[in-house]
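# no FASTA, just this:
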């Protein structure tokens, strides 16, 4: 009954997935995770047919059930996928929503002693599990990954690290060009710590945990900086190293270098072979993105160009970082077309 | 499995409600509506017990399923209710979520030829239906209504209009003091119409319906102004009258007067008897509310004081208009205490 | 030596003017005022020639010496006038800068028991004095008045009140359409009073006078509202009546009506004859004006149209309220052309 | 006649200074500059007395005559100096206002092939000229330098470079900690170039020079970045090297390193001896400074602490970057006390 709910043409399976990789993670976060698998219309009628698969991952603070959030007058992503496929506007595909939430906000879809082994969980556990239970085309050339913001980050780096698994990627406003997207926020974090928490991240977290989360406008920057440090620059023993002096925001070059090693823009040359093998690369961002991820998108595109990869979808559109879920079906269609068995060229 | 879902101690019944009152409404919006009824822990174990009932209504653009939206690190309202009651921190009560969405954004919970008869639907249809099917204490002194923003508006005016039905109200940042909350926005609407729509509301709506809703920052003011006019100043034939000249924002006094007649602050003296009969009045708002509803809250409180009603809960807290769902359990508890059979005084 | 100073082609006479009208004014502000008279190139060489005169007045908080303020990379208004006339790009004219500063910020160029008789001072004292000492064309058809913001207000209302003196006017972002430019600010004033001054204007002024003026972002709204009330709605004994309740911003209709009587938009019908006699009416404003004076400009234009006055210069340009001094020479030229003895039509 | 002008108790001499060092500068800016020298009350009555001297320098886009700009209800800096000294609230001193304006906005008070030899002009020409013509105490221990923003920068670095000339410094919100104050702006410049100037600084300057300067909100960042590059990283032939890719804002490390060599925070260890010899170091900034120069101030203070310099005035106060001229007399008094012949300790 619209607009309250949409009758699906396909089918959405909801699972609980137990991850061995996440057991005993540094944050004590659950090893049991929700996992959704969407099967396109016709899946059950054609028992021999196999499909490309697209993995969808979330941005910072995202947890799986948020995919169902309703924005005014809009459909959510699962509904949009179903609508697209029901209308035959994209080749049929399987869509998998994976939860990589952490109690710090996220994982960047990496293995880190500061958060947990989310990269392993995604690549070594979820992917084989899905391939085993569903009629996927279980090869990189038919498997893609897509996300927004930190999810876009994951969509850029995961295929670079595992080109054997992923042959397509779509990044919507993905974290990239760290001096543009992260560094300018450090100074805001420092002010918040100075003005509200006596300069201490410990006090910030203590306060943050004690009241409605994100109830203060100033919450986001400390949360982001700490979480990213937990993902990019945690020591083996789990100690989180900050790339800046929390009293001034002065860069700590040795730690900042650790971050830069994880900047998708800077990772491109070292993963040129993997990227050249991609069958689909989709990049977009809003031109007024609060985190300036439009510049990260352009820098990533240029880095790809630098290694000879120019067959990419690229668009900078008029929007901020928020409320751009209506872009997801555009990339889904692009990936589905490129990853379909006899690839239909994009129009 | 937290944080993705919460096992309820109580029970949430989901219904589809067919409204005769909404049939043939001016906007062609559905007459079938979702309706949720929450039953507190123990409801099924104690088949003779009756409970106070609290109706929850939404703000502009709200549709019922949004109550399930997940904010980062937080519980949604049904979860918070269940948590509160499971912990025994408030007297048990039945909670009813009612959908008064319209394709213009909302209804202000009024009967209007511009939108539909939502007041009748709520008071004449939903309330009796709930009383018939659930073990409510079916009297005004045990029935309350609560909401935020436009929902707060509905929570103020519905009991004024129907003190025979509602004996308690809770308004979180409810629309009030229209010169402070609405009038200043007219000029923004005028600019948007001038700069993007050749001065025409028709073109605005045409554009708005053709693309992702609210994708433009400038969408909210025209939507709000038009929707409020449809609620407050539509003619009998459904023609929507604007309280301002769309070319300049100059007030049209005759129409503006029609609005002011629906201002809760100005309605107080004419409904003094009804308000004096209330067993619970809860008022709050954020001191940085973007719509200045903190001033509306204070003006409403003073108007109540003017008719001798001073036994109210009143709080201006440090927040904006957004993300204040964590306030709902505070008012729910207040209402539940005041509306419980042997009313426990608030602490 | 540019850019530090400009050698004038014309001549700028600086006077101190003693005003009998301002003696004993309500605020105890000085009755002695600076007065500048600019004489165009050639004035001294042609001792029989007479010139049109243009009076320039300032916005709120303006005091005469601010006309010399230097903005980066720009010329100030006297320099721009000299440049324009030296280049022969406008008919020669005399330009008079008049000081109507008060210790509340300004006077709106009106007579008020709350501030002083600035209208009388301007019309009955300054104008005759200038005509006596300089070779003006001493008739309304050769005399104009121009200003920005509150100065634009003065430029609209002074000729309406004294068409025998002024035959041309230029308003840059002049205060008009009071529900759009003033009313929305009341609620900000109320918040400032509530949050910083225990609800008291007295405490505001006490604090304001005790420290660097306008050092707080929140200073502007209380200052503006009080000053406007002193101009528009002071009682005969000098008591300042506010058009809103300082606890809520609720309008006080009787006082608000007194304000509206001084709204240029609403004054137009009552001064139709005067306005039809104008030889030059120039109206502009920035489309992003923080006080929405672009809407006031449009409303004023429409009001003029309503009385049959359509031969006006009208422009809404892309700017805010600030930094638009570069518009002054445009209106000066327009006035000079229209008020010149054998009027050159504008191009 | 207050508030329009203040009768000085001391004397302000206005000079035009011809600089050999600025002849033939890269930008073709004038070699003749205004220079103001203020002599304290009593200077002319006591012909043998000699005085400490304080040099005042300006921020970006500042030109000397701007010191006379009038802000509402306030005195300007020369007036404040005179008021302070007339009241005997600080030891008498000579105050010198030096013009280091360039057509790019400023010079950072350095010698650069991109702008001109402003450091030489200040240190080798102005200082001796003043010492020759006025009864100064012509020694570093009696000579200080003060400024705000870029002027604060100049006040930090000039004494580091020339401790033989300057024994005291005062920085109000001075440029420091370049990753916090400059780097985050690069991305804004890139967007402006992309959205308005086809990615080209040439087009930006062409447009900027063709219309009222700074009439666009977006002007400031490109102007700042280019000007700083002209000061910090111009090649010998005058070519300006940018520290970022103008298409993405990606850092160009080799050029960025050239900037960092001029960061006052990073210059401290290399000029430890000079800084330890200072008799007065005054540091302040607003805690809401738009350029985050409060963090630069703190970092500079910590760098000083790192070399054992802890006898400094340090204050972070509640303000933004703008409108903080009321702070100048505080530093002037501090410097005057510390640099006076028999130093009076600060209270």
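Now that the structure is in, tell me what you want to look at. Keep in mind that what you see is a predicted model, and the values were worked out from it rather than measured. Residues are numbered from 1 along each chain as shown, chains lettered A, B, ... in the order given.
# got the contact list for residue A:242?
A:201, A:225-226, A:229, A:233, A:252, A:255 (Cβ atoms under 8 Å, 6 or more residues apart in numbering or on different chains). C-beta here means a position set from N, CA and C on the backbone, and glycine is covered the same way.
# which among those residues count as buried?
In the contacts of residue A:242, burial by neighbour count holds for A:201, A:225-226, A:229, A:233, A:255, counting by 16 or more other Cβ atoms under 10 Å in any protein chain shown.
# now, which of those residues sits nearest chain B?
Each of the buried ones among the contacts of residue A:242 was scored against chain B by Cβ to the nearest Cβ, and residue A:226 proved nearest at 14.0 Å.
# quick one: contacts for the closest one?
Neighbouring residues of residue A:226 by Cβ under 8 Å, 6+ apart: A:104, A:201, A:204-205, A:240, A:242.
# so what pLDDT did it get?
As predicted, residue A:226 sits at a pLDDT of 98.
# on that earlier part again, for the contacts of residue A:242, which one is nearest residue C:166?
For the contacts of residue A:242, the minimum distance to residue C:166 (Cβ to Cβ) is 61.2 Å, reached by residue A:225.
# apart from its neighbours in sequence, what residue is nearest that closest one?
residue A:189 (4.8 Å; Cβ to Cβ, 6 or more residues apart in numbering or on different chains).
# go on, residue A:313?
In space, and not counting its chain neighbours, residue A:313 is closest to residue A:282: 4.3 Å by Cβ to Cβ, 6+ apart.
# for the one you found, list each beta-bridge partner.
Beta-bridge partners recorded for residue A:282 (DSSP bridges): residue A:170, residue A:313.
# hmm, it is touching residue A:173, no?
No: using Cβ atoms under 8 Å, residue A:282 is not in contact with residue A:173; the gap is 12.0 Å.
# more neighbours: which of the two?
More neighbours surround residue A:173 than the other of residue A:282 and residue A:173, with 32 against 26 (other Cβ atoms under 10 Å in any protein chain shown).
# next, count neighbours for residue A:165.
Residue A:165 has 20 nearby residues by other Cβ under 10 Å.
# just confirm it contacts residue A:143, I think it does.
Yes: here residue A:165 reaches residue A:143: they are 6.3 Å apart, a contact under Cβ under 8 Å.
# pull up the overlap in contacts between these two.
Residues touching both residue A:165 and residue A:143 (Cβ under 8 Å, 6+ apart): residue A:127.
# mind listing what the spatially most central residue of chain A touches?
Central residue of chain A (Cα atoms, centre = their mean): residue A:151, 1.2 Å from the mean position. Going by Cβ under 8 Å, 6+ apart, residue A:151 touches A:56-59, A:62, A:172, A:174.
# excluding its backbone neighbours, what's nearest the residue of the stretch 101-250 of chain A found nearest chain D?
Nearest residue of the stretch 101-250 of chain A to chain D, counting by Cβ to the nearest Cβ: residue A:184, 3.3 Å away. Spatial nearest neighbour of residue A:184, excluding adjacent residues (Cβ to Cβ, 6+ apart): residue D:184 at 3.3 Å.
# need the phi and psi values for residue A:43.
Here is the backbone geometry of residue A:43 (degrees, to the nearest 10): phi -60, psi -40.
# out of the contacts of residue A:151, which is nearest to chain B?
residue A:62 (7.7 Å).
# how close does the residue lying farthest from the centre of chain A get to residue D:322?
If you look at how far each residue of chain A sits from its centre, by Cα atoms, centre = their mean, the farthest one is residue A:198, at 33.1 Å. Distance of residue A:198 to residue D:322, given as Cβ to Cβ, to the nearest Å: 28 Å.
# just residue A:162 next, same as before
Separation of residue A:162 from residue D:322 (Cβ to Cβ): 51 Å.
# neighbour count winner among those two?
Counted by other Cβ under 10 Å, residue A:162 and residue D:322 do not tie: residue A:162 has more neighbours, with 18 against 12.
# which residues sit in contact with the more buried one?
residue A:123.
# number of nearby residues for the closest residue to chain B within the stretch 151-300 of chain A?
As assessed by Cβ to the nearest Cβ, chain B sits closest to residue A:213 within the stretch 151-300 of chain A, at 3.5 Å. Other residues lying near residue A:213 total 18 when counted by other Cβ under 10 Å.
# low pLDDT regions in chain A?
Residues of chain A meeting the criterion pLDDT under 70: A:343-347.
# residue contacts, the closest residue in space to residue A:303 that isn't next to it in sequence?
The spatially closest residue to residue A:303, leaving aside those adjacent along the chain, is residue A:268, at 3.9 Å (Cβ to Cβ, 6+ apart). Residues in contact with residue A:268 (Cβ under 8 Å, 6+ apart) are A:160, A:275, A:300, A:303-304, A:306-307.
# mind telling me what element the closest residue to residue A:271 other than its chain neighbours is part of?
Computed as Cβ to Cβ, 6+ apart, the closest residue to residue A:271 that is not its neighbour in sequence is residue A:160, at 3.9 Å. Taking DSSP states H and E as the definition, one finds residue A:160 inside helix A:150-161.
# one more: residue A:320?
Following DSSP H and E, one finds residue A:320 outside all helices and strands.
# that one - how many residues pack around it?
15.
# so the residue of the stretch 151-300 of chain A closest to chain B makes contact with residue B:72?
Yes: using Cβ under 8 Å, residue A:213 is in contact with residue B:72, at 5.9 Å.
# re the thing from before, touching, the residue of the stretch 101-250 of chain A closest to chain D and residue D:181? I think so.
No: counting by Cβ under 8 Å, residue A:184 sits too far from residue D:181 to count as a contact (10.7 Å).
# the two: which is more packed in?
The neighbour count for residue A:184 versus residue D:181, taken as other Cβ under 10 Å, is higher for residue D:181 (28 against 22).
# what's that one sitting at in phi/psi?
The phi/psi pair for residue D:181 (degrees, to the nearest 10) is phi -100, psi -30.
# dihedrals phi and psi, the residue nearest to the residue nearest to the centre of chain A when sequence neighbours are not counted?
The shortest distance from residue A:151 to any non-neighbouring residue, by Cβ to Cβ, 6+ apart, is to residue A:57 (4.3 Å). Recorded main-chain torsions at residue A:57 are phi -130, psi 160, according to degrees, to the nearest 10.
# next: residue A:58.
Per-residue torsions, residue A:58: phi -110, psi 170 (degrees, to the nearest 10).
# now swap in residue A:39 and tell me
phi -110, psi 130.
# show me what from the stretch 1-150 of chain A comes close to chain B.
Taking Cβ under 8 Å from any Cβ of the partner chain as the contact definition, the stretch 1-150 of chain A meets chain B at A:1-5, A:16, A:30, A:32-34, A:61-66, A:68-74, A:99, A:101, A:105.
# in strands, which of the residues you listed appear?
Judged by DSSP state E, strands contain the following of the residues of the stretch 1-150 of chain A next to chain B: A:16, A:32-34.
# most neighbours among these, which one is it?
residue A:33 (23 neighbours).
# right, and it touches residue A:22 too?
Yes: assessed by Cβ under 8 Å, residue A:33 is found in contact with residue A:22 at 7.4 Å.
# returning to that earlier point: any buried residues in the strand or helix carrying the residue nearest to residue A:184, and which?
Under the criterion of DSSP H and E, residue D:184 resides in helix D:183-196. Buried residues in helix D:183-196, defined by neighbour count with 16+ other Cβ under 10 Å: D:183-194, D:196.
# and which of those is nearest residue C:123?
For the buried residues of helix D:183-196, the closest approach to residue C:123 (Cβ to Cβ) belongs to residue D:196, at 46.2 Å.
# how much space between the residue of the stretch 151-300 of chain A closest to chain B and chain C?
Residue A:213 sits 26 Å away from chain C, going by Cβ to the nearest Cβ, to the nearest Å.
# ok, now which ones touch that residue?
A:219, B:71-74.
# cutoff 7 Å now
Each residue near residue A:213 by Cβ atoms under 7 Å, 6 or more residues apart in numbering or on different chains is listed here: B:72-74.
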